[in-house]
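A.B. asks: predicted model, plus sequence, below.
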Amino acid sequence: MSVLSGTPTWLKVILLVCAAGLMLAFPLPLPEQIGTTDFRPYWSASYLLGRGQDFSDPALIDATERTLTGWDRDYTMSAWFAPTGNLVLLPFTLLPFRQAAYDWLLVNIAVIFFSAVILWRGSQQRAWVALAACFAFSMTLLSLIYGQVNTLVVLGLALYLHFSERRGETAAGMSVALVTIKPHLVILALPLLLLDAVRRRQW
């Protein structure tokens, strides 16, 4: 039996918020490359957007990566995502790159956890099966290690399915905005979602 099985929901939420606050206030020491590799160009592009500069200019991206993120290779890393991704990452540009990368790692873990839970169709007592399968998947671990943003696409799909089943058409439609962050990952799924919405007249 779980230790928190008889705990009120509001207390669980408070405990979760306190735990998250402690992890943010006292970050765990991690190897330098954990959560930073692919996050670097995403953060740099969003940083430029937040300061009214051209976030698609390779020269500006290169300068930002080298001066603010510690990038020293002989090539520039490019941000392969749509501008909607820049908007999502804007709050992280208020932080130094290393702190932002650490916080993004925590957010990514929470996003994957939440997506797995709301996609699970079995009993809540067996939700651990979904979590185990999700976090044991090698591509999930790589996304966390590299600081990817494709987890937001998974979250968008999960929310769309969740709200569609509950006839929350507006919320479902808004969830598709997350899917468009990396539309090349959902080149088959996204058109199917839109065609299904048209078929059901969910304008």
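C.D. replies: That came through, no problem.

A.B. asks: tell me the pLDDT of the most centrally placed residue in the chain.
C.D. replies: Using Cα atoms, centre = their mean, the residue of the chain that lies closest to the mean C-alpha position is residue 152, 3.8 Å off. At residue 152 the predicted local distance difference test score is 93.

A.B. asks: from residue 132, how far out is it?
C.D. replies: According to Cβ to Cβ, to the nearest Å, residue 152 and residue 132 sit 22 Å apart. (C-beta placed from N, C-alpha, C; glycine too.)

A.B. asks: before we move on, what about residue 84?
C.D. replies: In this structure, residue 84 lies at 31 Å from residue 132, with Cβ to Cβ as the measure.

A.B. asks: so the two - more neighbours on which side?
C.D. replies: When neighbours are counted by other Cβ atoms under 10 Å, residue 84 and residue 132 differ, and residue 84 comes out ahead with 17 against 11.

A.B. asks: ok, then the element right after the strand or helix carrying residue 62?
C.D. replies: Counting by DSSP states H and E, the element that carries residue 62 is helix 58-68. Of the helices and strands lying after helix 58-68 in sequence (DSSP H and E), the nearest is helix 83-89.

A.B. asks: would you tell me what the next helix or strand after that following helix is?
C.D. replies: Scanning forward in sequence from helix 83-89, with DSSP H and E defining helices and strands, the next element found is helix 97-119.

A.B. asks: mean confidence score for that next one?
C.D. replies: Looking at helix 97-119 alone, the average pLDDT works out to 91.

A.B. asks: just give me how far that helix sits from the chain centre.
C.D. replies: Centroid displacement of helix 97-119 relative to its chain, using Cα atoms, centre = their mean, to the nearest Å, is 6 Å.

A.B. asks: report all helices and strands that the following helix or strand past that helix contacts.
C.D. replies: Remark: after helix 97-119, the chain's next helix or strand is helix 127-136, criterion DSSP H and E. Contacting helix 127-136 under the criterion 3 or more Cβ pairs under 8 Å, 6 or more residues apart in numbering; DSSP states H and E are the following elements: helix 97-119.

A.B. asks: show me what the helix it packs on packs onto, helices and strands only.
C.D. replies: The contact analysis (3+ Cβ pairs under 8 Å, 6+ apart) places helix 97-119 against helix 9-25, helix 39-50, helix 127-136, helix 138-146, helix 150-165.

A.B. asks: now the second one - C-alpha only, CSV.
C.D. replies: Backbone C-alpha positions of helix 39-50 (Å, rounded to 0.1, in the frame of the first residue of the first chain) are rendered in CSV as follows:
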residue,chain,number,x,y,z
PHE,A,39,18.6,22.6,-25.9
ARG,A,40,21.4,25.0,-26.8
PRO,A,41,20.1,26.1,-30.3
TYR,A,42,16.5,26.2,-29.0
TRP,A,43,17.4,28.4,-26.1
SER,A,44,19.6,30.6,-28.3
ALA,A,45,16.9,31.2,-30.9
SER,A,46,14.4,32.0,-28.2
TYR,A,47,16.9,34.3,-26.5
LEU,A,48,17.2,36.3,-29.7
LEU,A,49,13.4,36.4,-30.1
GLY,A,50,13.0,37.7,-26.6
